[in-house]
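> give me a 3D structure for the following:
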Amino acid sequence: MIVDVHGVPAYAYTGGKPFDPTLPAAVFVHGAEHDHSVWALQTRYFAHHGFGVLAVDLPGHHRSAGPALRDIAAMADWLAALLDAVGVARAFVAGHSMGSLVALDFAARYPARTSHLALVATAVPMAVSDALLDAALNREPEAIGMVNQWSHSTLAAKPSCPAPGFWLHGMNQRLMERVSATGEPNLFHTDFTACNAYADGVERAAQVRCPVRLIVGRRDAMTPPRAAKALEKAFAQAGVAVDTVTLDAGHALMAEQPDATLDALFAFASQPSVTL
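Down below sits the predicted model:
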């Protein structure tokens with residue numbers, strides 16, 4: 001559905017059912033040069049099992065109008081405005097990669113609006129190499145190829161999303177190419193720069209007041225499991241209930257391990273929320 005956010009049209013996929021703001025809300029935030037479709041399997045299940053689903057396209061990404069936002073905090077504020085526009089006071093929030101930073105910042109600065117926080121393939125800091133930043137700015141097709149290769153731990157994940165036999169590498173590459181073609185120039189570089197510049201992760205983790213689940217890929221070359229340890233420690237020190245689920249996958253967890261990712265998300269979102 002299209003939502004007016006500060007006078008600019010924004011898109012949110014609702015999982016194949018009309019969005020019902022009276023249901024428990026589940027919000028899903030994609031990563032760099034991606035869109036809502038990375039959550040296709042997970043969001044449809046949520047929508048058909050008691051949740052009102054909003055899988056957003058961040059500003060400037062595919063169906064949401066630009067300009068793209070330049071920093072993580074601005075994306076989190078935009079997410080709050082989108083929830084205002086659809087009448088959602090509180091939600092389960094999940095984010096993947098760059099989206100995990102947006103979800104973290106949102107949960108920290110809007111604690112009363114977050115019932116559960118799921119961070120998928122996350123890292124703090126989420127440093128981006130100079131070589132990748134340069135490729136994203138000056139040779140975007142090369143950057144897409146690099147990220148596509150690093151995002152997958154195998155050439156033939158079984159089962160995979162949307163079903164066994166689909167070519168995950170080809171699907172992911174075409175998705176990034178489509179987002180690039182429909183977005184503003186240098187969108188990949190804009191996203192990566194936002195990730196690279198985000199220095200508030202540990203501080204924000206200490207401000208979260210809801211249960212947290214980290215979902216990491218054992219073979220993730222972009223945000224390896226060790227990169228989430230600082231977050232895990234910060235949550236624990238703040239007295240937040242936090243656990244980590246490790247899946248046999250790379251960075252593209254939702255595609256390589258769709259059912260296991262869904263199980264980890266849905267079981268967590270269905271738990272009673274205890275806010276500090």
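
> every contact and neighbour count from this point should use C-alpha atoms.
OK.

> okay but V240 is in contact with V208, surely?
Yes - taking contacts as C-alpha atoms under 8 Å, V240 lies within contact range of V208: 7.3 Å.

> report all helices and strands that the helix or strand that contains V93 contacts.
Taking DSSP states H and E as the definition, one finds V93 inside strand 91-96. With contacts defined as 3 or more C-alpha pairs under 8 Å, 6 or more residues apart in numbering; DSSP states H and E, the packing partners of strand 91-96 are strand 25-29, helix 98-109, strand 114-120.

> contacting residues around the helix or strand hosting K229?
Assigned by DSSP H and E, K229 belongs to helix 229-237. With C-alpha atoms under 8 Å, 6 or more residues apart in numbering as the test, helix 229-237 has contacts from A123, V124, G201, V202, A205, A206, V208, V212, L214, A241, V242, D243.

> hey, C-alpha coordinates of that helix in CSV?
The C-alpha trace of helix 229-237 is given here as CSV (Å, rounded to 0.1, in the frame of the first residue of the first chain):
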residue,chain,number,x,y,z
LYS,A,229,29.0,-9.4,20.1
ALA,A,230,29.3,-5.7,21.1
LEU,A,231,25.6,-5.3,20.7
GLU,A,232,24.9,-8.5,22.6
LYS,A,233,27.0,-7.3,25.5
ALA,A,234,25.5,-3.8,25.5
PHE,A,235,22.0,-5.2,25.7
ALA,A,236,22.8,-7.6,28.5
GLN,A,237,24.5,-4.9,30.5
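
> next one: it to chain centre, how far?
19 Å (C-alpha atoms, centre = their mean, to the nearest Å).

> can you tell me the closest non-neighbouring residue to L82?
Once flanking residues are discounted, L82 sits nearest to V5: 5.7 Å by C-alpha to C-alpha, 6 or more residues apart in numbering.

> now do the same contact list for that neighbour.
Applying C-alpha under 8 Å, 6+ apart to V5 gives the contacts W78, A81, L82, A85.

> per-residue confidence at the last one?
pLDDT, A85: 98.

> go on, the third one?
Confidence per residue is given as pLDDT, and for L82 that number is 98.

> hmm, back to that, tell me the mean pLDDT over the strand holding V93?
98.

> stretch 148-157 too?
84.

> next: stretch 194-211.
96.

> C-alpha coordinates for the one helix or strand D259 maps to, CSV please?
Here D259 sits within helix 258-269, counting by DSSP H and E. Output of helix 258-269 as CSV, limited to C-alpha atoms (Å, rounded to 0.1, in the frame of the first residue of the first chain):
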residue,chain,number,x,y,z
PRO,A,258,13.8,-18.9,4.8
ASP,A,259,11.9,-21.3,7.1
ALA,A,260,14.5,-21.1,9.9
THR,A,261,14.6,-17.3,9.7
LEU,A,262,10.8,-17.3,9.8
ASP,A,263,10.7,-19.6,12.7
ALA,A,264,13.2,-17.5,14.7
LEU,A,265,11.2,-14.3,13.9
PHE,A,266,7.7,-15.5,14.4
ALA,A,267,8.4,-17.4,17.7
PHE,A,268,10.1,-14.3,19.1
ALA,A,269,7.4,-11.9,17.9
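
> quick one: the helices in the stretch 1-150 of the chain, in order.
Remark: helices assigned in the stretch 1-150 of the chain by DSSP state H, counting those that start in this stretch are 40-47, 72-86, 98-109, 130-138, 140-151.
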